[in-house]
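Enquirer: Pasting a predicted model and its sequence here:
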Amino acid sequence: MSVHAEPVAVASPEVLIRGSILYGATCGSRGYAFCEKLTVRCNLESYFVPEGEGRKLEDVRNQGKLGRRGSPSVRARAAIKRLLIDGKPVYEEPWF
C-alpha cells in the first residue's frame, strides 16, 4: 500500500482506492512529515450483517479466520462485497 495526495496511474492488477488518513499525517519537528505509521480509512472497515450474526463474525475475526473482498468503483471508492470464513464465502453483497 502507498499513500498519495493526488490520484496516480496504476496498471492491472493494481487498483486505486480513495481513502483518508485518520492518524499519523503530521509528525516531525514541525509536523510537516508523515508519521512512521498511518491509520487510513478506505471504507473497508465495516460491513452490515443480518441481526444476530454479528457476534459470530466478531469471534471468527478475533481468531484471524475472517476475510473480506472489496471492489473499487470508477471513482476509486471501495466497498466490501463479500465476507469469507477460512476462505469460503459466507455473505455476499447483492448486485443492485
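Expert: Yes, it's here. In this text, all values refer to a predicted model and were calculated from it rather than measured experimentally. Residues are numbered from 1 along each chain as shown.
Enquirer: C-alpha from now on. contacts and neighbour counts both.
Expert: OK.
Enquirer: Report how many residues lie close to the closest residue to residue 83 other than its chain neighbours.
Expert: Counting by Cα to Cα, 6 or more residues apart in numbering, the nearest residue to residue 83 once its immediate chain neighbours are dropped is residue 68, at 4.5 Å. The number of residues packed near residue 68 is 17, by other Cα atoms under 10 Å.
Enquirer: what about residue 68, helix or strand, and which?
Expert: Applying DSSP states H and E as the criterion places residue 68 in strand 66-72.
Enquirer: quick one: low-confidence parts of the chain?
Expert: Confidence mapping of the chain against pLDDT under 70 gives the ranges 74, 94-96.
Enquirer: need the strands for it, in chain order.
Expert: Using DSSP state E, the strands found in the chain span residues 20-23, 39-41, 66-72, 78-85, 88-92.
Enquirer: Show me the one of those strands that comes nearest residue 33.
Expert: With distances scored as Cα to Cα, the stretch of the strands of the chain nearest to residue 33 is strand 20-23 (12.4 Å).
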